[in-house]
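Enquirer: here is a sequence with its predicted model. Questions after.
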Number of protein chains: 2
Amino acid sequence: MNNEKIAIIGAGLSGTLLAITMAQRGYDVVVYEKRDDMRKVSMSAGRSINLALSPRGMLGLDLAGIRQEIMGQCIPMPGRMVHPLAQEAFFQSYSGRKGEAINSVSRGGLNISLLNKAETFPNLKMHFNHTCTHVVLEKGVAHFKHEKTGMAIETKADIIIGTDGSGSALRKSMMEKTADLLFNYSQHFLSHGYKELSINPSDKGGFKLEKHALHIWPRGSFMIIALPNLDGSFTVTMFHPYEGEWGFNQLTTRERVEEFFQQFYPELIAFMPDYVDEFFNNPTGNLGTVKCFPWQAYGKALLMGDAAHAIVPFYGQGMNASFEDVRVFNELLDENAGNWEVIFNKFQKSRAENTNAIADLAIDNFYEMRDRVDDADFIMKRKIEMQLEYTYPDYYSKYSLVTFRADVPYARAMAQGRAQDEMLLSWCKGGTPSLNLDEMYTQLMQLANETSYVH
Amino acid sequence: MNNEKIAIIGAGLSGTLLAITMAQRGYDVVVYEKRDDMRKVSMSAGRSINLALSPRGMLGLDLAGIRQEIMGQCIPMPGRMVHPLAQEAFFQSYSGRKGEAINSVSRGGLNISLLNKAETFPNLKMHFNHTCTHVVLEKGVAHFKHEKTGMAIETKADIIIGTDGSGSALRKSMMEKTADLLFNYSQHFLSHGYKELSINPSDKGGFKLEKHALHIWPRGSFMIIALPNLDGSFTVTMFHPYEGEWGFNQLTTRERVEEFFQQFYPELIAFMPDYVDEFFNNPTGNLGTVKCFPWQAYGKALLMGDAAHAIVPFYGQGMNASFEDVRVFNELLDENAGNWEVIFNKFQKSRAENTNAIADLAIDNFYEMRDRVDDADFIMKRKIEMQLEYTYPDYYSKYSLVTFRADVPYARAMAQGRAQDEMLLSWCKGGTPSLNLDEMYTQLMQLANETSYVH
């Protein structure tokens, strides 16, 4: 047993998973969470967000031994159901291999499973309603305010890890040490925000749309998506510009919202009888990307998960990337136990490179999803990729490299995937490619081998 | 006369120039500066930094009517004196046209001239020792702490402009409104810092090195530069990596510093008898680039100068870019007087594009200065450019477009200049170009016309 004390700020998905793995290693683990215990109090804002779980995330769950439990709460989505305006919907498979799917899972349900698991460790304590106000990085001291009593609390730990999300208090304390840490930082927002709506289950409790799909209504400069929930409902998300003729800023009256939906999403209206109320009751969220470096300070404090790399949701990889952080951190602990300086430096170097890549891929995918999924050459390209993956299971599309190959780092998946896409699209310009499938496979595999990738 | 109140945070170079121009327009102007009045108290840290004044900056000084006064305090530098290791120094002209030079000027002297001018306006008040703590953006209220009394002061203004430098308090208040403003922000640091040293005048009060030049000792991954001062001294700046065999982090003993200078800058030792003391007494500064957007909040507050766009010093354009901000702002006031929303929006759009460009050019120039100025193909390229500018005065190199063409926006100078550089370097690879000067001129002018530049 190791009696070093590890303080973790944030008991969201990655903080709780991290806490479990640190407790397994025998550390003295204390977790501070600003919200109340979600198992006792219903989640704020009533937004039952669901997420897409894929293999990188599952490897994280394996560390906690709860993959099977969580998979039982998932709905597999083997592809996208694309709903063009005034045309029939069609299905785009995510993979040509059998059994590969992403999995719709409730954020709340998953978090609760992790919290329940965490509670089983005698060397893991959890403190809810503790909001981190600042961290004295050099000393390894974190300060909190109790949300109910207003009391100030401080804790000293050997290591403090901030898994406190995109608005991280630990990261803000690093920002205040900019000159000393040479703290590189960026935050960038899309000119689009998002708003959640919902499709209720049918009267008989069934799904009003295909259950096993991620639904997309692409409309060029904006889109709606929907993910299935176990109870037969769908969580619907509008990704929508703030400005412009139909922007959020213009959708200020019931009439205008109805006019907008009738024009752009007419078939959705029947599924969402309360959509106008929901539109005005639900908040509008921002879509930001946060990158920073370094992730560690003075060998005492470390950022992980969204606190280090908040990304937009369009590749369905936010949670998966954060769980991968936890896995890589544990691998580095295996190799360098006790040597925090080495662990922190290797961790931030490897993870920053790869999470920068998934951040960029996620932004690319926004444009692809809202504007390209119903283009003729894009459809042709996806069709060929499905045939390739079906016929030659060792071929992986960019999407598959990112989503289904947990053994391929994101940075490599990006480099190889982009090169493949360029080659495929050049073949698809202006109709059916002149090469046969075998010729395409040979050239793509050669390209994959050649793709320069400097680790 | 206009009785709107304009509060300006920061009485540095751009803040004071801005204040003068606003006072000329009849606004009720109040300037708050955190430091003491530099005319009464000698400047902190004793660092007599000099800067390079070029035409964009001079146009700013014209607004205050002090160009002639300032030019009298300048030393023209028509080119670089390059000092390769163990080889003879050589001169690289900045321009092939006669009379084009950048001008070494003391930051302190220039700031004092501006403060003296500002004091002549009855409708312009200056408050020193006022440190801005935060700004309530929506209300146009700025809060200050008096550095000597500790007293809290607040002021309400119609417009608040932050010219409070790279660590801007106004920008931090905008950062706290990230979600509301969709505030995009980045700060990035070079892995190099800087340290100032000095060459004293000769015993007879003369210059120990060529007076009319910016001196560079390029050493591949680091360099030293020196700019002349009126008193015969030179301000010497080491641009140097933090890490590595010879990094700042390794130069921790007198012996190690002496060993380093003997190996890399042996000819400088004779000029700087106290360099080891200076090395240990003077602080090490960071080299950061700050970009952000928007620059305005709620039509009440606006960022300008380094507060909006801190850049590294390698193009000698920091002050010039900030004075250009003031000029463009005044042009927009002429065209849209009283309509702050239009002025702010046009200002931030135009200036962000152009200051992003000079930020990137300044980083490019770091690599060029430390590593390229003594390369054979680079020397050949500069020689051809000088011949071109001498023979065809309407040809402008990238350096000349940025430095001497105040009528060409930075973004355009970057696009056109980079295209020209690429063409020139392709000709210079492997020795003397096969084209004659006239052919090169024709192709370059055609390129300049074609350079796509989306405004």
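Expert: Thanks, I have it.

Enquirer: so which residue of the stretch 51-200 of chain A comes closest to chain B?
Expert: Closest residue of the stretch 51-200 of chain A to chain B, CB to the nearest CB: A:S186 (3.7 Å). All C-beta atoms are positioned from the backbone trio N, CA, C, and that covers glycine.

Enquirer: how about the stretch 201-350 of chain A?
Expert: For the stretch 201-350 of chain A, the nearest residue to chain B under the criterion CB to the nearest CB is A:N286, separated by 5.7 Å.

Enquirer: okay, that residue: pLDDT?
Expert: In this model, A:N286 is scored at 95, pLDDT.

Enquirer: mind checking the SS state of it?
Expert: Here A:N286 is strand, with the state taken from DSSP: H, G, I helix; E, B strand; the rest coil.

Enquirer: that one - how many residues pack around it?
Expert: A:N286: 17 surrounding residues under other CB atoms under 10 Å in any protein chain shown.

Enquirer: isn't it right up against A:S191?
Expert: No - assessed by CB atoms under 8 Å, A:N286 is found out of contact with A:S191, at 10.4 Å.

Enquirer: shared neighbours of those two, which are they?
Expert: Common neighbours of A:N286 and A:S191, using CB atoms under 8 Å, 6 or more residues apart in numbering or on different chains, are B:L182.

Enquirer: circling back to that earlier point, need the contact list for the residue of the stretch 201-350 of chain A closest to chain B.
Expert: A:N286 sits next to A:F189, A:G193, B:A179, B:L182 when contact means CB under 8 Å, 6+ apart.

Enquirer: quick one: the second one is in a helix?
Expert: No - secondary structure of A:G193, determined by three-state DSSP: strand, with no helix assignment.

Enquirer: what is the burial count for A:S434?
Expert: A:S434: 7 neighbours (other CB under 10 Å).

Enquirer: which element is it on?
Expert: Assessed by DSSP states H and E, A:S434 sits outside every helix and strand.

Enquirer: now it: closest residue in space, sequence neighbours ignored.
Expert: Once flanking residues are discounted, A:S434 sits nearest to A:W427: 7.9 Å by CB to CB, 6 or more residues apart in numbering or on different chains.

Enquirer: so that neighbour touches A:L437, yeah?
Expert: No - the criterion here is CB under 8 Å, and A:W427 misses it with A:L437 at 11.2 Å.

Enquirer: identify the contacts common to these two.
Expert: Listed contacts common to A:W427 and A:L437 are A:I384; contacts here mean CB under 8 Å, 6+ apart.

Enquirer: the two: which has the busier surroundings?
Expert: A:W427 (20 against 14).

Enquirer: so where's the stretch 151-300 of chain A uncertain?
Expert: Scanning the stretch 151-300 of chain A for pLDDT under 70 picks out nothing.

Enquirer: about what we covered before: next one: the residue nearest to A:S434 from A:F293, what distance?
Expert: To A:F293, A:W427 is 38 Å away according to CB to CB, to the nearest Å.

Enquirer: which bits of chain A sit near chain B?
Expert: Contact residues, chain A versus chain B (CB under 8 Å from any CB of the partner chain): A:178-179, A:182-189, A:191, A:242, A:286, A:288.

Enquirer: pull out the buried members of those residues.
Expert: For the residues of chain A next to chain B, a burial check counting by 16 or more other CB atoms under 10 Å in any protein chain shown picks out A:T178, A:L182, A:F183, A:N184, A:Y185, A:S186, A:Q187, A:H188, A:F189, A:Y242, A:N286, A:G288.

Enquirer: which one is the second one nearest to, not counting chain neighbours?
Expert: With sequence-adjacent residues excluded and distances taken as CB to CB, 6+ apart, A:L182 is closest to B:F189, at 4.2 Å.

Enquirer: so that neighbour makes contact with B:G285?
Expert: No - if you go by CB under 8 Å, B:F189 and B:G285 don't touch, sitting 10.8 Å apart.

Enquirer: for the stretch 201-350 of chain A, which segments count as helices?
Expert: Assigned by DSSP state H, counting those that start in this stretch, the stretch 201-350 of chain A shows helices spanning A:254-264, A:266-269, A:275-281, A:318-336, A:340-371.

Enquirer: hang on, A:M319 packs against A:L53?
Expert: Yes - assessed by CB under 8 Å, A:M319 is found in contact with A:L53 at 7.0 Å.

Enquirer: what comes up buried for stretch A:115-135?
Expert: For stretch A:115-135, burial by neighbour count (16+ other CB under 10 Å) applies to A:115, A:117-118, A:121, A:123-124, A:126-132, A:135.

Enquirer: how is chain A partitioned into domains?
Expert: Using automatic domain parsing, the domain parsing of chain A gives A:5-71+A:106-186+A:288-367, A:190-286, A:375-450.

Enquirer: out of those domains, deepest packed?
Expert: Stretch with highest mean neighbour count among the domains of chain A: domain A:5-71+A:106-186+A:288-367 (a mean of 20; mean count of other CB atoms under 10 Å in any protein chain shown).

Enquirer: and the gap between A:V41 and chain B?
Expert: Going from A:V41 to chain B by CB to the nearest CB, to the nearest Å gives 24 Å.

Enquirer: hang on, that residue in a strand?
Expert: No - judged by three-state DSSP, A:V41 forms no part of a strand; its state is coil.

Enquirer: contacting residues around it?
Expert: A:V41 neighbours (CB under 8 Å, 6+ apart): none.

Enquirer: next: A:G316.
Expert: By CB under 8 Å, 6+ apart, A:G316 lies in contact with A:L51, A:A52, A:S54, A:I102, A:L214, A:T403.

Enquirer: would you mind listing the two of the residues you listed that lie farthest apart?
Expert: Greatest spacing in these, by CB to CB: A:L51 and A:T403 (13.3 Å).

Enquirer: make CSV out of the domains of chain A and add distance to B:A270.
Expert: Converted to CSV, those look like this (distance: least, CB to CB, whole Å):
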stretch, distance to B:A270
domain A:5-71+A:106-186+A:288-367, 34
domain A:190-286, 58
domain A:375-450, 49
